[in-house]
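Chemist: I need the structure of the sequence given here:
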Amino acid sequence: CRKVNKVERMATSPSIIPVSPIASEEEREQALRDYKVTIEYKHLKSHAPGGVFLIPSMENLRQFYGVIFVRRGPYSNGIFKFQLKLPPKYNDENAHPTLTFSGYVYSPYVDEATGVLDIKSAYAKWDPSRHYLVTVLTYLKKIFYSKTFVDAKANIVAKELATKDPQSFRKKIDACVRESQKNMYSNDPDSTAKFTEEQVSHSVLRDLLKHHVKHESKVTKQAVLAQIEKAQRV
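Modeler: Numbering: from 1, shown residues only. You can find the predicted model right below:
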């Protein structure tokens, strides 16, 4: 009987760590969830509500940084930054996203202590066949334009103040808008949605673009890069 060496035994014997069919199925399901996230984000390019911008994290597919510019209503001129996080099982039923404001937002729909937007009250059951990233952003925009707060549960004190003392409620909103403007250039170190104060080169670039690229049809990558190069010389 010939001696079987170690290499032959490894080649002909079952794997020492068998691949679990369940684990493999889980990996496929997770890959499908991840793919759906990318499709949803692509969909935002043409369907995101006006004034709302969302940029994915460089490190995590399920984390986004965003900002909403409020154009009218009591929160007019507010600049509110936020983070949007998706749970690992997002795109399963009841896998709600979490939206947290980076700064202070006084609203009956926002938890005053944590800055978390109360999504679950609006969508008690998260249905991936009906609810998407655009759903969250649309709801986000809605809370800044709401005139009544019947369904609000996150900040009951603010809700009662809006009913009993509208003037005091408005003063708190005005203060939170001013704070958002003041903190516009305060950026989370990991954020992909950062604001920087205008430099001389920025204003030069803007003037150069206005002068040399007068028609939208002529705005090309090469044209913009050429003007950036000119602005850098200033």
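Chemist: any regions of the chain where pLDDT drops low?
Modeler: For the chain, the stretches with pLDDT under 70 are 1-23, 213-219, 227, 231-232, 234.
Chemist: excluding sequence neighbours, find me the nearest residue to F64.
Modeler: Excluding the flanking residues, the one nearest F64 by Cβ to Cβ, 6 or more residues apart in numbering is L84, at 4.3 Å. Placement of C-beta: from N, CA and C, glycine included.
Chemist: just checking, F53 is part of a helix?
Modeler: No - counting by DSSP: H, G, I helix; E, B strand; the rest coil, F53 is located in no helix; its state is strand.
Chemist: isn't it up against V67?
Modeler: Yes - counting by Cβ atoms under 8 Å, V67 is a contact partner of F53 at 5.4 Å.
Chemist: between those two, which contacts overlap?
Modeler: Common neighbours of F53 and V67, using Cβ atoms under 8 Å, 6 or more residues apart in numbering, are A193.
Chemist: what about those two, which has more around it?
Modeler: Neighbours of F53 and V67, each counted by other Cβ atoms under 10 Å, are more numerous for V67; the result is 20 against 15.
Chemist: how about residues contacting the host helix or strand of that one?
Modeler: Using DSSP states H and E, V67 falls within strand 63-69. Residues from elsewhere that reach strand 63-69 (Cβ under 8 Å, 6+ apart): 41, 51-57, 78-86, 137, 140-141, 144, 188, 191-193.
Chemist: swap in stretch 181-190?
Modeler: For stretch 181-190, contacts defined as Cβ under 8 Å, 6+ apart pick out 57, 59, 65, 77-79, 81, 83, 102-103, 194-197.
Chemist: SS state for E229?
Modeler: Under three-state DSSP, E229 comes out as helix.
Chemist: tell me the contacts of it?
Modeler: By Cβ under 8 Å, 6+ apart, the contact list for E229 is empty.
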